[in-house]
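J.: fold the following.
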Amino acid sequence: MTDFSRRTLVKSSLAGLTLTGLALGSATPAGAAPAAIPLVRRRLTLPTGIATGDVTTDSAVLWSRASGPGRLTATLNAIDDAGELLRGRYGFSRTIRGPLATEASDFTAKIHAKGLPPGTRFRLELNFEDENGTGEVGQGTFSTAPGGKPNDGGTKDGRGGGSPASSSQSFVWTGDTAGQGWGINEEIGGMRGYKAMHDVRPDFFIHSGDTIYADGPISASVTEKDGQVWRNIVTEEVSKVAETLKEFRGRHRYNSLDANMRAMFADVPVIAQWDDHETHNNWYPGQVLDDARYTERNVNVLAARGRQAWQENMPIADSAALWRPGTYDAGQYQPARIYRKIPRGPQLDIFCLDMRTYKSPNTDGKEPYTTNILGQEQVDWLIKEVRQSKATWKVIAADLPLGIVVPDGPVNQESLSNRDNGAPLGRELEIAGVLSAFKKYGVKNTVWLTADVHYCAAHHYSPERASFKDFQPFWEFVAGPINAGSFGPNDMDGTFGPDVVFSKAGRFPGESPRNGENQFFGHVELGSDNTFNVSLRNANGGVVFSKTLSPER
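T.: Next up, the predicted model:
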């Protein structure tokens, strides 16, 4: 695949000029009124680039933000690996006029493109139109997932559903962008982890949460532990904790200032999750914050604003799933859910969880009854969808880890582990029910992927080591942060029998991303033999751990 098909090209159209008054070259009579000042018709621009997301075998969400009101338009053309247009049997071309971008959506807009051929690479052009015509055109690329039947690798010629792309695919995942005050430092090349991910040419990217740090101000400079000075790009919205909708939106705009992130998002579809820092550290519905930095301390109000800003800026399929104030309880909030399945062809289904919206209050986690990390409706959905999946691999994208202890203060717990190695209690009971159901229904080849804890790790869970025995062995891989402070490694909870096969963290808590060695992402390549090849990598692209999983039949 050439560099052409893996980079962003942006074509800026010229602003049209309408001149009024006397014709050019004619003299102005003495005493006459001066000619009118030429009127400059400003064309719409794309200040935060373009993106695609939730790409399946036959659909994709196309996203951008305009500099003002306008209608989003997309042009899709099938291309080969050299970036040349495909014609004849494999040719495909479509122009789609999408919705209006208005101030109500911060001038963002999405097109849910459907009926696309599987296993096909596209050249994408996005622009906004208004009364002045077509504005700046942003170009990118993306590929739909392979077609074909489960486990057959596509058609006999290795092509998914008669399209030109290979039946195999790869992806990356990580979390934690611009956290702990470590923002965009152009002196070191910006958020280099995004370039490292882009360089492996993945077919899609799972952002496992903490897409922004709304609760972490970013200053112009930070003195590091060794005396070096880290210099951030700064904007007004990142100077304080986000409370207003404008401030939450500004956090997303800030991250998009990074050239590495914009280039990757134009070429690599995103599957986005949210976690706590899109609102506030370790939050849960109904919480009242004890944080002196905030004027608004009702977390439901903050989460509603944070969720709206996140939803506007992430290319997820359900654009109507906005959390509005007063609708955080499960009964009213269910229609606005963001947990979802992303089918990626015969080899792979992605089950994207929401471990924040339905979360019970943070306690010590030792209740003798079930408390929520997913909520019962999401539990039922997950069991049903995974059970019915015909894909070889079922990847469960979780925004919180399973066996890692994540404290919220000296007593309470943020995730589901409770520091008790005995039988499941509290939130652990909910996950125990999920794992038990997978075993009951004979579900095989599940892999859990997560971020959140700011280090990377590989965990193998087995009933042989566990207090809870009613489940089949599985793997959990952890990768992050991609541009934030390093922490860990954390303690483990033995309820589900995790074995820490590998872990790597920074040298000290809060270490900056400067050298790239303590920033991590995961890479998965699905082989033509259906192997699941995992590697954990640092922000310089170096592989620190790898593992090949073979599917159970």
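J.: which helix or which strand is home to V434?
T.: helix 427-440 (DSSP states H and E).
J.: so what strands line up beside the next helix or strand after that helix?
T.: For helix 427-440, the succeeding helix or strand toward the C-terminus, using DSSP H and E, is strand 446-450. Strands flanking strand 446-450 in the sheet, each with its direction: strand 393-397 (parallel), strand 474-478 (parallel) (DSSP bridges).
J.: packing partners for the helix or strand just after strand 446-450?
T.: The element immediately downstream of strand 446-450 (helix or strand, assigned by DSSP H and E) is strand 456-461. For strand 456-461, the packing partners by 3 or more CB pairs under 8 Å, 6 or more residues apart in numbering; DSSP states H and E come out as strand 474-478, strand 498-504, strand 532-538, strand 543-549. Heads up, the C-betas are built off the backbone N, CA and C, glycines and all.
J.: which one, of these, ends up nearest to P47?
T.: Shortest distance between P47 and these, using CB to CB, is found for strand 532-538: 30.7 Å.
J.: low-confidence ranges, the stretch 151-300 of the chain, go.
T.: For the stretch 151-300 of the chain, residues meeting the criterion pLDDT under 70 lie at 151-167.
J.: spell out, range by range, the helices that occur in it.
T.: 192-199, 245-255, 259-267, 299-313 (DSSP state H, counting those that start in this stretch).
J.: okay, the ones you listed in JSON lines with mean neighbour count and distance to E414 next?
T.: Output for the helices of the stretch 151-300 of the chain, formatted as JSON lines (neighbours: other CB atoms under 10 Å; distance: least, CB to CB, whole Å):
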{"stretch": "helix 192-199", "mean neighbour count": "23", "distance to E414": "24"}
{"stretch": "helix 245-255", "mean neighbour count": "21", "distance to E414": "21"}
{"stretch": "helix 259-267", "mean neighbour count": "23", "distance to E414": "26"}
{"stretch": "helix 299-313", "mean neighbour count": "23", "distance to E414": "14"}
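J.: quick one, which of those helices is nearest to A220?
T.: helix 245-255 (13.1 Å).
J.: quick one: low-confidence parts of the protein?
T.: For the chain, applying pLDDT under 70 flags the ranges 1-41, 149-167, 318-336.
J.: could you export the helices and strands packed on strand 456-461 as CSV, including distance to G148 and mean neighbour count?
T.: Shown next, in CSV, are the helices and strands packed on strand 456-461 (distance: least, CB to CB, whole Å; neighbours: other CB atoms under 10 Å):
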stretch, distance to G148, mean neighbour count
strand 474-478, 26, 24
strand 498-504, 33, 17
strand 532-538, 18, 21
strand 543-549, 21, 14
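J.: got those as TSV, with distance to E103 columns?
T.: Shown next, in TSV, are the helices and strands packed on strand 456-461 (distance: least, CB to CB, whole Å):
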stretch	distance to E103
strand 474-478	40
strand 498-504	45
strand 532-538	41
strand 543-549	46
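J.: E125: which of those is closest?
T.: E125 lies closest, by CB to CB, to one member of these: strand 532-538, at 31.5 Å.
J.: partners of that closest one, with directions?
T.: By DSSP bridges, strand 532-538 pairs with strand 520-526 (antiparallel), strand 543-549 (antiparallel).
J.: quick one, strands of the stretch 51-200 of the chain?
T.: Assigned by DSSP state E, counting those that start in this stretch, the stretch 51-200 of the chain shows strands spanning 60-65, 70-79, 93-101, 108-113, 121-130, 133-134, 137-143, 169-174.
J.: which parts of the stretch 301-450 of the chain are strands?
T.: Using DSSP E, counting those that start in this stretch, strands in the stretch 301-450 of the chain cover 340-343, 348-352, 393-397, 407-408, 412-413, 446-450.
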